[in-house]
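> missing the sequence, but the structure's below:
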């Protein structure tokens, strides 16, 4: 019942969270398209794989957002009794969390080609590429632990995904503050 009260009392924040998450998905969809233009010269197939992985993750997350929004619809339009309503709301919020972990497969998979391309490009510090590639394994391991060994995952998740966090954060900071060296065309 406390969850329903919290959502009802903070409906605008709940809606803002929903819209913010969808905007994040839009940005996440656009990011590899920009990186593709920068990195396709290194290996076009890997750059395409990177874009495809993110596209799948974004599709999963956008569909999963229905689980985020469902509690609001149920609370405002439900014919369920209070216990059924509470259970159904909690079910959708739990499914939303699980949906994130399913999408994490593809969040992880995009880091492997991205990390390799960053490593080989000469445009970024090599350490960022290494963190990204290790981060791929971290995300995939976290996914497996979440579904097969949930009690173990709670203790390990932050540590397992740390390389991905470091790689993604470092790449973001590097792009924001340093940028990418312009590549000059050879003179003929």
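Okay, I see it. Computed from a prediction, not measured in an experiment: that's the story for all the values here.

> ok, now how distant is residue 169 from residue 9?
Separation of residue 169 from residue 9 (CB to CB, to the nearest Å): 33 Å. C-betas here are computed from N, CA, C, even on glycine.

> okay, now the unreliable bits of this structure?
The model of the chain has pLDDT under 70 over residues 181-188.

> which strand or helix spans the residue nearest the centre of the chain?
In the chain, the residue lying closest to the centroid (CA atoms, centre = their mean) is residue 107, at 5.2 Å. Assigning secondary structure by DSSP states H and E places residue 107 in helix 82-121.

> cool, residue 170 as well?
For residue 170, the element it lies in under DSSP H and E is helix 162-177.

> what is the orientation angle of that helix with helix 82-121?
70 degrees (axes from the mean of the first three to the mean of the last three CA atoms, to 10 degrees).

> and the contacts of helix 162-177?
Helix 162-177 is contacted from outside by 107-108, 111, 115, 118, 124-125, 127-139, using CB atoms under 8 Å, 6 or more residues apart in numbering.

> can you select the buried ones from those residues in ChimeraX?
Selection command for ChimeraX covering only the buried members of the contacts of helix 162-177, criterion 16 or more other CB atoms under 10 Å:
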select :107,108,111,115,118,124,128,129,130,131,132,133,134,135,136,138,139
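
> in helices, which of the contacts of helix 162-177 fall?
Judged by DSSP state H, those include 107-108, 111, 115, 118, 127-139 as members of helices.

> flag every buried residue along the helix holding residue 107.
Those would be 85-86, 88-89, 92-93, 95-96, 99-119, 121, for helix 82-121 by 16+ other CB under 10 Å.

> for residue 42, see how far away residue 109 is.
For residue 109, the distance to residue 42 equals 18 Å [CB to CB].

> again, but for residue 150
According to CB to CB, residue 150 stands 39 Å off from residue 42.

> more crowded one of the two?
Between residue 150 and residue 42, counted using other CB atoms under 10 Å, the more crowded position is residue 42 (17 against 9).

> the more buried one touches residue 119, doesn't it?
No - applying CB atoms under 8 Å, one finds residue 42 not in contact with residue 119, separated by 9.3 Å.

> pull the number of nearby residues for residue 76.
There are 10 residues near residue 76, going by other CB under 10 Å.

> residue 89 reaches residue 75, doesn't it?
Yes - Residue 89 lies in contact with residue 75 (CB under 8 Å); the separation is 6.8 Å.

> can you check which residues contact both of the two?
Common contact partners of residue 89 and residue 75 (CB under 8 Å, 6+ apart): 4, 7.
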